[in-house]
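Chemist: Here is a sequence with its predicted model. Questions after.
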Amino acid sequence: MLVFLLCIPCTWQRCCCAVAKDVEVDTPSNVESIQLEDRAGTLLNTFCISCHGEEVQEAGINLSNLLTIDEVKRQGLFERIREVVTLREMPPEQEEHPTNTERELLIQWLDQKLDGQFAKALSEKLKRFEYGNIIDHDELFSGKHATQAAYTEDRRWLISEFIFNEKINSLLNYEPTRTIYGKPYTVHGDSGVHWSPKTERGNKYRRTITNPYLLPQNTGVRYGAAPEITTGHLLTMLGNAKRVAAHMSSEATMKLHYPAMYAMMKPALDHREQIRKREEFLRNFSAMDRLLKDLYGNDHAKLLPKLIRQDIPYPGPPKHSSNGIQKRHDNLEFLGRFDQEDMRAILQGIATYKETPFEVKEDQSKARSDSKGTPVWAPYHQDEQDEFNRILLRCERDWFVEGVTPYRIENRLTTMKLFFDTWDLQKLYQHIEKGNFARQNATPLAATEMQAIRNTVKKHRSQGDSYSRIIEKSLHEWHSQFLNQHSQQGVEYDRQVRDTVIELHKKVFQRVPKPQELADTMDQLKLFHSKLDLQLAIGKLIESLVLSTEFSYRSEFGTETPDRHGRRMLSPRDASYALSYALTDSIPDETLRKAAQDDRLNTKADYEREIRRMLDRRDQWTIIDENVQAANLNASVTNQPIRKLRFFREFFGYPNAQEVFKDDSRFGAGRHEQAVSRLIDEADMLIEHILEEDQHVFEQLLTTEKFFVYHSGDNPTMTKGSRQLKQTFEYFSNMDWESWEPDDIEPHKEFMLTIWEFQKTRNHDNKSLLTTLKRLMPALVLHFSDGQDHALPYMKMPMGFWHGGNVLGRTGQQMRGEQVTTYWNLNWKTWDYPTEQPARIPNRKGILTHPAWLIAHSQNLETDPIHRGKWIREKLLSDSIPDVPITVDAVIPPNPQQTLRQRMEHKTGADYCWRCHQKMDPLGFPFESFDDFGRFRTVESLEHPENLIKEAKRDELNEFGASLAVYKTLPVDSRGVLTGTGDDSLDGEVSDAFDLIDRLAKSSRVRQSIIRHAFRYFLGRNETLSDSKTLIDADQAYLKSNGSFNEVVVSLLTSDSFIYRKPSREE
Amino acid sequence: MLINRRELIRSTALGSTSLALTPSFNHLMAEDAIPNEGPPHRFIFIRKSNGNLTKQFSLPSFSSEELKKHEEKEAFEVDLAKHELPEWLTGLNDFKEHMTILHGISMSVSGGGHYSYSGCMGAYKAGRDILNNIKWATIDFELSKLFPSPFGHVEMSLAVPHGRDHRTGIVSGYSAPAAKQRNYCYADPMTAYQELFKSVINADEASTDNSLLDYLHDQELSRLSGLNGIERRKISNQVDSLQSIRERTAKVASLNQVIRKHLPIMDPVHENGGPDATLPQKHAAFTDVIVAALASGLTNVVTYTIDDLGTDITSLPENEQKTSIHQIGHGGQIAGAEKMRNAIKTHHMKQIKTLVTQLQSIPEGSGSIFDNTTIIYMPETGAGHHSPDTEAPMVIMTGANSKIDIAGRYIRLPFHGTKGHKTLSNWYTTLLNAYGNPIEHYGDLDLTMQQRRLDQMGSIDRFISA
């Protein structure tokens, strides 16, 4: 083995190389093992040994001693060689390279040498999406491999975080809604975190579910079939399953949704209802009191517990932190702050025992003043206090007898005395008088029930028992009686168990259990029931279903007879799920489910019919990103198939703009965190718009000069909102409104009340209208005094949180984040706002110049040319960047006198770094025309304390309305170099980002690269050469349809790669 | 979380990408892989709302010079043994040797405002409790990985955002087991009691849980037939996981003797979420549960949100005006807001005293469990109701075997944005480094420090015992 490596001196290498070149190279599959060994040796000698031999050992690697080193080290070395050869990281760019066939031959040999563990590790690594580009692009699209029969292996595919959310919502019967363009819709994609002050507040119970199926946060395709379930998933699901089971097996839920479960539980529930009614009757103080008097007559009072009164003083006047005392509290809304159970008892007590009219007056002769000398408070008259004390005593006695805990009694008495001294009792009395707070008499139950109650109460009442104690003892007896009577055997019981199991299977898995499965599950439910109360036992059964791998994995298996290539078509059921999950996060819709049931998912035409139908659906709304939505009342909803939109979100990675920690002071226009969420929302809108047009989609995404900036997507509404502002400005601009008094408003009132801002004034009185006018006009002067046609229709009123605004977002909430304009170098206060959007914005071209993308690919305080370049290299040019070597500590040295580019060139320009950085930096540098907030610039601020010219001042704003510190600057150098398009007319030096983008948009390689990523996204795996036809077909579909992405999707989802399956291979 | 990349690759076979994918709670099963020897170290994080006013953390016996330094936020230290404690803290007078008043740590990395949610435990800004803003596992979860236990990490909480309904049962928590994942927590003492000690107080349910695991195990085992390669592994992973969880429950069962020994007696007032229980009663019951959980080895790390802006404090005897924590935060609306702040803290200190004394009474090695315990009482949003977050005074109690050398001192560190200042990230890095995680820097970077080009990486070295 490898004798050649040991015996051939390095000086022979050129000679060997010549020999190697002369040898006819067979395709790897034809090469016998011994030949393979020889040829691999020759190739290693030819391409590797000069740098990794006895004399030179670059990176400490020596391939000349493979025979003598330890087996474990040898395996490690083989693994590294396999990796660098596969990833084309070696030989270095400037050195001579093996041909593709030679490279394959070497890989084949290395695979033979690698033992299981290393081979497996490498194989798993190569399944990751970030290694998808290692398949040679030109080979893939050459057509040479188009005859290979494409397929995907049979697989279970771990559900995504989004699918998990939909499944859980279904099990929890959580049907979130949003008001969209004024109409309520049920939406997908809500996990209960929704936050809005005015409308929905999410769902508290839903939030107790922890999502264990989270996808990685990287840019690019994130969701694939390779990940496996782990103990972590299971541990998280254990808790989730309990909460899901608690909901599903709750009485209310089973009544509504699970008839079989309800039927099985009926005896227990009936009993519970019977007991509940008895308890409700007994908990009514008047009813219990009367019952006991009836039962015990004069002895009743003797049996009562002896009242121990609590000594609680009156607190005196309401105190104030600086004024000594203050006036009485009179805002009854604050009653909500108190414990509501106690509050109900207090109001009921007063309503029950107040004998005189509900009136109270302060004794002004005893008025007291605050520290400023203003009389602010006086006690109520003594006779009123005397009556109040009588009420207190009677309440206290009742609560004591009832068995209310001492703390609650104390709390109630304290609160009542607080009301008397520090609240406007007159208002409180009126509230009680108007409300229905008096004690309600309980309706007696049926005679048999009343008898049962009487018997039990009589049996259990002891001297000194409170009413609560008597009730507890009675309840305990009734519960025990039921358990003793309940049977867990018999035909009827079996039938109920069977029906419940089937019902739950259908809900959780949307299928009927197989016979053996049914039998096993029935046994298990009976076993649970033998130890637990039936409801808990059913809950345990639900847990078992939710914890099953069938819940966690989607299933994609072939069925029926294999074709001549050994491939089988997806089973109709699996196909329906595969198609549905390709475009949505939900289980198949009714039509798709029916197609699978009726055997109408057996041909490509069947698939195409369903895909096109789903692509055309616009009646289903989905939340695009809950985080974007919650961050600033953004709409973030779409009625397009969510996964189509999500592909581009993840491909471009702009939502990660939220992840980059930025300082508000460097943003300079308020809260970056909120504003950036609008930015992302509007990037989503742009993608949605381009997908809706569905023409030249990739080119549009890369080169459009039109964007959404502070826009709802509703052009007429935004125009109307802006027009109202303009009308107001034109109406008042020549008037002397600044010196007006309220009466001056009268002649203009009719006009004013046609304008939203004035309509929202309290009472529409002249004073309020004038106040609003004086607040509004300075803003309108800024908006229109330079001859602007339109203004950004941001709500100028305070409390917009509640009022919404003169324009509303898509989901009917206030449009916030007007500061979003500053990312685009626009001042929202003076911008001649384009009401029709998307609209042309200067110095922008496509998503790569959208501030959201630029921020997502930036650092905390600086831009990030390396990652911007890396993104283009990997996502648009289908090229690979090697992992950062472990020996590299990638820190750009600080130098306050240089731009970031200059500092980077100093560091990454070194030979060792440049090998990789030449693939990234020249593509990233053109974007230095934008700072790390995505703002266009021609000079770079050297943000270092020693370069500070002027600190930021709040009232000193720059041209786009931001208050920023001023530093010394240097000109931006935005030149770069494009390589790797495979097109000489496009490759070469570029002057700036716009030049680079124009060239990228014209490149076939770029188009095909996006299609390769779409393949990974929709197929859930990396492409192989056998998928060549699938990719070529998708590319052609795009070209023939004038750049329709829908056609790409149809092509991919009807391809052999998607439809056909083969059993997974042994490892 | 910033971590030295080489360190990470060295310390994990998975590499960074795989680590990012690691789901939560995996560490629960990693007991055998952790090399810590001897008794575990325990951590109790007590989160409080409404901030800690800095002036309430000065010592009444400060000399005028010390007071000046305190007020001008200059760095200095004093020996607590030579000083009087503020009144609210006097409940811990007998424990000064274990106490630290730590001043000067900033929380700007997690931010001020009404709430910090998971932020104050993860040293990042959590925004409006948005899942995406959970950047990584919070400090408590990180520490629990160093000292594994059957429950790993336990969270208890009296958290109620102001104006919302009170919570009971198992609800969403504030700690985070991993990025984008929210922990659950016990919202009332009885639920915590029933869940943690189920193996001894509800044997039927515990045995049904086991039977559920056995059933699932058999079901998954039967799916393996005919599967190869990765598809086989996708199922066999679940089989193995079920097996290991089953073993874990057996381990918990083996602790039954110890659990019984430490099992607290719960007042029936806590039944059904404890609607009639007062706040001091809830505090006391939670304290008992925490002690028992730690003493019986069910967990080594507890995070306890002792109050939130909406936690009902009407049952505190001092609350004569029946005011709320939120209103106290806004101060001016009521008289005596600062007094109420002190009253609330006094109640909190009473619980810390109970924790310390009870843990001291449980022998471990040649000392007690408290010797191996750290209690951190911290505000979740800094030095006030909304802000500032540039300061966040804390009280820390450390046992004799603590690897953090701060006991017995009032320590004020350099102020935010100045040379030598330490952030919450530095403080958490210190805890991790001291107890065996060599991470270079845990938590976000402070942008003010970064902008001023001030060093802010790593642990507070002088705190780590030699």
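Modeler: Perfect, I can see it now. Numbering: from 1, shown residues only, chains lettered A, B, ... in the order given.
Chemist: Only the buried residues of stretch A:247-261, if you could.
Modeler: Residues A:H247, A:M248, A:S249, A:T253, A:M254, A:Y258, A:A260, A:M261 are the ones in stretch A:247-261 that count as buried (16 or more other Cβ atoms under 10 Å in any protein chain shown). In this view, the C-beta of every residue, glycine as well, is placed from N, C-alpha and C.
Chemist: mind checking pLDDT for the third one?
Modeler: Right, the one you point to is A:S249. At A:S249, the model reports a pLDDT of 97.
Chemist: which residues does whichever residue of the stretch 351-466 of chain B sits closest to chain A contact?
Modeler: Chain A sits closest to B:L447 of the stretch 351-466 of chain B, with a gap of 3.9 Å, by Cβ to the nearest Cβ. For B:L447, the contact set (Cβ atoms under 8 Å, 6 or more residues apart in numbering or on different chains) comprises A:F661, A:K662, A:D663, A:S665, A:R666, A:N860, A:L861, B:S108.
Chemist: and what of A:D330?
Modeler: Residues in contact with A:D330 (Cβ under 8 Å, 6+ apart) are A:W423, A:D424, A:K427.
Chemist: just the buried members of the residues you listed?
Modeler: A:W423, A:D424.
Chemist: between the contacts of A:D330, which is nearest A:M920?
Modeler: A:W423 (69.0 Å; Cβ to Cβ).
Chemist: List phi and psi for the nearest residue in space to the closest one that is not next to it in sequence.
Modeler: Spatial nearest neighbour of A:W423, excluding adjacent residues (Cβ to Cβ, 6 or more residues apart in numbering or on different chains): A:H329 at 4.9 Å. When read as degrees, to the nearest 10, the backbone of A:H329 gives phi -70, psi 140.
Chemist: A:H329 touches A:K427, doesn't it?
Modeler: No - with contact defined as Cβ atoms under 8 Å, A:H329 does not count as touching A:K427 (9.3 Å).
Chemist: on that earlier part again, and the residue nearest to A:W423, what does it touch?
Modeler: With contact set as Cβ under 8 Å, 6+ apart, A:H329 has these partners: A:P318, A:T422, A:W423, A:D424.
Chemist: ok, now which ones touch whichever residue of the stretch 301-450 of chain B sits closest to chain A?
Modeler: Chain A sits closest to B:A335 of the stretch 301-450 of chain B, with a gap of 3.4 Å, by Cβ to the nearest Cβ. Contact analysis of B:A335 by Cβ under 8 Å, 6+ apart lists A:K319, A:H320, A:S321, B:Q321.
Chemist: For the residue nearest to the third one when sequence neighbours are not counted, report the pLDDT, please.
Modeler: For A:S321, the nearest residue in space outside its immediate sequence neighbours is B:A335; the separation is 4.9 Å by Cβ to Cβ, 6+ apart. pLDDT, the model's per-residue confidence, is 74 for B:A335.
Chemist: What of the one 5 residues further on?
Modeler: The predicted structure scores B:M340 at 93 on the pLDDT scale.
Chemist: any idea which element it lies in?
Modeler: Using DSSP states H and E, B:M340 falls within helix B:337-360.
Chemist: So which residues of the stretch 301-450 of chain A form strands?
Modeler: A:319-320, A:324-325, A:368-369, A:375-377 (DSSP state E, counting those that start in this stretch).
Chemist: Can you give me the neighbour number for the closest residue to chain B within the stretch 501-650 of chain A?
Modeler: Proximity of the stretch 501-650 of chain A to chain B (Cβ to the nearest Cβ) peaks at A:N627, 3.9 Å away. Per other Cβ atoms under 10 Å in any protein chain shown, the neighbour tally for A:N627 reads 23.
Chemist: Does it lie in a helix or a strand, and which?
Modeler: Here A:N627 sits within helix A:626-632, counting by DSSP H and E.
Chemist: Tell me which residues are up against that helix.
Modeler: Contacts for helix A:626-632 (Cβ under 8 Å, 6+ apart): A:189-191, A:193-195, A:623, A:634-637, A:655, A:658, A:673-675, A:677-678, A:680-681, A:684, A:816-817, B:127-128, B:130-133.
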